[in-house]
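# Sequence and predicted structure, then a few things I'm wondering about:
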Amino acid sequence: MLTELRRDSWTIANTGARNLLTVLSQEIDSSIGSYDRVLQGVVTKLQDPAFLELNPQLQQSLLFGSTLIRPYFTSLLILDKDGNVVRDAGGLPPRTDNFADRAYFQAHAKNALLGLYISTPFQRRLTGDDDVLGLSRRIDAPDGTFAGVAVATLRLQYFRDLFDQTELKAHDSINLFSQSGTLLMRSPYLEDQIGRDLSQSPNIRRFMASESGTFSGVAAVDGITRVYNFVRIGNLPLILNIALAHEDIFEAWRTQALGIGGVLTVLCAFTLLLAYVVRREFVQRARAEAVTRRSEAQYRLLAENATDLIIRLDRDLIRRYVSPASHAMLGLDPAELVGKRTRGVIHPDDWPTVEKMVAEAKVTGKPAEAIYRLQHKSGAYVWVEGRYSFVAEDEGFIVVLRDISIRKSAEMKLAVAHAELAKQANTDGLTGLANRRRFDEVLEAEHKKAQQDNKALSLLLIDVDRFKLFNDTYGHQAGDACLRRVAEAIEACTRPSDLCARYGGEEIVVLLPGSDEAAADMVGERIRLAVENLAIPHKENESAGQRVTISVGCATQAPGSEDAALELVAQADRRLYEAKRTGRNRVLSASSMPVAAEPPRLVTEPARLEAVETALDTVRQKGSNNLDLIARSAAELLDAPIGFVTLVGKDELTLIGRHGINVSTVPRQIAFCSHTIAGSEPMVVYDALDDERFRKNPLAQGDEGLRFYAGAPLVDPESGETLGAVCVSDTKPHGDMSAADRDILKNLSKLVMDELR
């Protein structure tokens, strides 16, 4: 057990490190990817002749209007081929300086295929108050020659703040290296190590030689032996590792080992003492039995003074003799037991064991042993070890009983301790529900069982509405308390055979074996009402009466389905997102998903149409060039051939910005955007032919029909009315859309509204 506990400590620590490594690397990849997309967008615009014909003020607005993402993405400069600053996100006119000596400039001047370049740490020349990294991309002239560089600075404080959010033990560390072996950031933070070239260190060589891996080594910085889990971040020239000190990994195990070792030492000492006593008793008994063969009086003397209880049974298992030890063991005098059947004091559940032992001793002629319980005079039960020897002369038995209650109690306590350790390994520390690891195991097992038994399997994916705003308003401690209360309410609505688990963040998943869609939908609604009735205050959740609510996505695997287990989670996730998009505080399943082909009409339709007319007048005055650029940006950023910006009028939809599409109007009756404006979040249709609303829509028919659509509503910040949408589309279905992609659409919708002011 100690070996398994030690192995579990190692496995749990490394699993946690790998999970944290995945989260951090994805966060860094996503953030730098966002910054890189900004650089790419700027470079693309600068290489577009049509863009360069715009007036300087408009160019400045379109280039840098929403590029700086503070507090970390702090500056963006455009350098010409000689390194001179020609454009500056800080304003017009640009600052005067030359950066031809910087590595990020020289690298692109020498290599036209370099792509994104990330520099080593340096202090900005103009401010010099903090350490930054340079992110740069090459700008080409129309003939392909070097025309300059777009360079942005990313504060190292971003990585430090990100790493400080993790909970490390005393000797653990997180390190970020460049591909060349330069240390960019470290937690715990050591200022004198930042920017140090460690490429000759054995550990760093191993990082640079592989995409990812795990190994143990001695740190070059502080000489501590650690296990390193590392990974190269996406396609970036960055290496991230999490180093766990061997000393900290096994700290809890050593405490457990000392405790268990102490208990085992005491038990072993007791066992040795007991063995010595028993051996002495058996030696004495053997001598006494030899004497007893010669004298019945001597036999009785031995039996009556033995610490073990000795009983003589006849062929019908009636006691004919009971030694005085019965008083110490059972609180009964021999006279109270003689003449009665032995079954009377044996625990009912243990009687079959005794019957089997009696039969074995009678058939084999050899002593048979078993452990069972006898009832004490007080009503409690005593654990005994019984030895039955068959006497062929009268077909009776000699029974020797030994009290082992102390040993049995120790065994039970050890079993309880082991069960408690197993429970802790599968439980979420905050909510008390099963953790993600346990859910993954049970989902796979129940999925296989459902397929084998030809039964349904349902899953509820639950998300607390506007939980980030709850944390921002009331604090993370209140957020944790809220999650615990929500988890208790959810678990109270389920059966013992169901599994409630924390899926991640504020998401909770409920697995319902054997439940069809109707039953799962009822459970989801019961859970939704239970959480709503908690009446936890949430002033940012105005649409639900300023109290905490949940949205629920329900998915069901029908009997005989061949879908993979993860497809069940994916379906529930899509329905959860649709529930949040269409108003939150609701349960959506396959049967309750929106299916009406008729576009919904908003309650404030007259006011909305008036705002649309105002926006159309603005477009007629200012033109659509900038809106076309936004449509093009949406298509390129989301990897779709078609991008467009729409305004939804009374009877038709007007395309005020277009890329990859030639039509200018579409009937409102068939337009996808007519459905988009009914929600507050982006609407995604992964395959129109699989969506009941659009399966027969003329826009989705034929080889060139629109199969994929994603659109974010345009909300007028002054009136609050929804005017239209920023959209992308494709003639091919797409897979799941990430939260980052939805954020891109929402940010572009804000940019459109700025243009329509």
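On my side now, so go ahead. Numbering: from 1, shown residues only.

# all helices in the stretch 551-700 of the chain, in order from the N-terminus.
565-581, 605-622, 625-637, 673-676 (DSSP state H, counting those that start in this stretch).

# Out of the ones you listed, which is the most enclosed?
helix 673-676 (a mean of 25; mean count of other C-beta atoms under 10 Å). (Glycine included, C-beta is placed from N, CA and C.)

# which intervals of the stretch 301-450 of the chain have sub-threshold pLDDT?
301-306, 417, 419-424 (pLDDT under 70).

# Tell me which helix or strand in this structure has the weakest average pLDDT.
helix 296-305 (a mean of 58; mean pLDDT, DSSP states H and E).

# That one: what's the following helix or strand?
Next in sequence after helix 296-305, counting helices and strands by DSSP states H and E, comes strand 309-313.

# I'd like to know which elements that following strand is packed against.
Judged by 3 or more C-beta pairs under 8 Å, 6 or more residues apart in numbering; DSSP states H and E, strand 309-313 is in contact with strand 319-322, helix 325-330, strand 396-403.

# Ok, which of the ones you listed comes nearest Leu337?
strand 319-322 (4.5 Å; C-beta to C-beta).

# what's the closest of the helices and strands packed on strand 309-313 to Asp248?
strand 396-403 (45.3 Å).

# Would you list the strands that the closest one pairs with, along with their directions?
strand 309-313 (antiparallel), strand 381-391 (antiparallel) (DSSP bridges).

# Including mean neighbour count, could these go into JSON lines?
Output for the strands paired with strand 396-403, formatted as JSON lines (neighbours: other C-beta atoms under 10 Å):
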{"stretch": "strand 309-313", "mean neighbour count": "21"}
{"stretch": "strand 381-391", "mean neighbour count": "19"}
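
# I'd like these as CSV, with distance to Ser561 appended.
Compiled in CSV, these are given as follows (distance: least, C-beta to C-beta, whole Å):
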stretch, distance to Ser561
strand 309-313, 61
strand 381-391, 50
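
# Out of those, which is closest to Asn175?
strand 381-391 (56.3 Å).

# any idea how far that closest one is from the chain center?
Relative to its chain's centre, strand 381-391 lies at 53 Å (C-alpha atoms, centre = their mean, to the nearest Å).

# before we move on, the earlier item: which of the helices of the stretch 551-700 of the chain sits closest to Ala147?
Nearest to Ala147, of the helices of the stretch 551-700 of the chain and by C-beta to C-beta, is helix 625-637 at 20.3 Å.

# helices or strands up against that closest one?
Secondary elements touching helix 625-637 (3+ C-beta pairs under 8 Å, 6+ apart): helix 2-46, helix 56-64, strand 642-648, strand 652-659, strand 722-730, helix 739-755.

# Among these, which comes closest to Leu133?
helix 2-46 (9.2 Å).

# next helix or strand past the closest one?
Per DSSP H and E, the helix or strand that comes after helix 2-46 is helix 49-52.

# Let me see the contact set for Pro49.
Going by C-beta atoms under 8 Å, 6 or more residues apart in numbering, Pro49 touches Pro142.

# And it, how far from Asn585?
51 Å (C-beta to C-beta, to the nearest Å).

# okay, and for this structure, where does confidence drop off?
Those would be 66-70, 125-129, 288, 290-306, 417, 419-424, if you go by pLDDT under 70 across the chain.

# Which residue, neighbours along the chain excluded, lies closest to the residue nearest in space to the middle of it?
What sits nearest the mean C-alpha location of the chain, by C-alpha atoms, centre = their mean, is Gly504, with 3.9 Å. In this structure, Gly504 finds its nearest non-sequential neighbour in Arg436, 6.4 Å apart by C-beta to C-beta, 6 or more residues apart in numbering.

# Spell out the secondary structure type for Val277.
helix (DSSP: H, G, I helix; E, B strand; the rest coil).

# All further residue positions should be reported with the first residue as 773.
Let's use 773 as the start, then, which means that last one is Val1049.

# Count residues in the vicinity of it, would you?
When neighbours are counted by other C-beta atoms under 10 Å, Val1049 registers 11.

# cool, Leu956 as well?
Neighbours around Leu956, by other C-beta under 10 Å: 22.

# Tell me who's in contact with the closest residue to it other than its chain neighbours.
Distances taken as C-beta to C-beta, 6+ apart put Leu948 closest to Leu956, at 4.6 Å, once the chain neighbours are dropped. Under the criterion of C-beta under 8 Å, 6+ apart, the neighbours of Leu948 are Ile800, Phe931, Leu955, Leu956, Met957, Arg958, Leu1010, Ile1011, Leu1012.

# Tell me which entries of those residues lie within helices.
Judged by DSSP state H, the subset of the contacts of Leu948 located in helices is Ile800, Phe931.

# Please tabulate the helices and strands packed on strand 1081-1085 in CSV, including the columns distance to Asp1423 and mean neighbour count.
Shown next, in CSV, are the helices and strands packed on strand 1081-1085 (distance: least, C-beta to C-beta, whole Å; neighbours: other C-beta atoms under 10 Å):
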stretch, distance to Asp1423, mean neighbour count
strand 1091-1094, 101, 18
helix 1097-1102, 95, 18
strand 1168-1175, 93, 20
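
# sorry, back to before: what strands flank the host helix or strand of the residue nearest to Leu956, and is each parallel or antiparallel?
Using DSSP H and E, Leu948 sits within strand 945-950. Strand 945-950 sits in its sheet next to strand 955-959 (antiparallel), strand 1010-1017 (antiparallel), going by DSSP bridges.

# Run through who's touching the helix or strand following the shortest one.
Spelled out, it's strand 955-959. Next helix or strand after strand 955-959 toward the C-terminus (DSSP H and E): helix 974-981. Residues outside helix 974-981 that contact it (C-beta under 8 Å, 6+ apart): 949, 951, 953, 970-971, 985, 987, 989-992, 1000, 1002, 1011, 1013.
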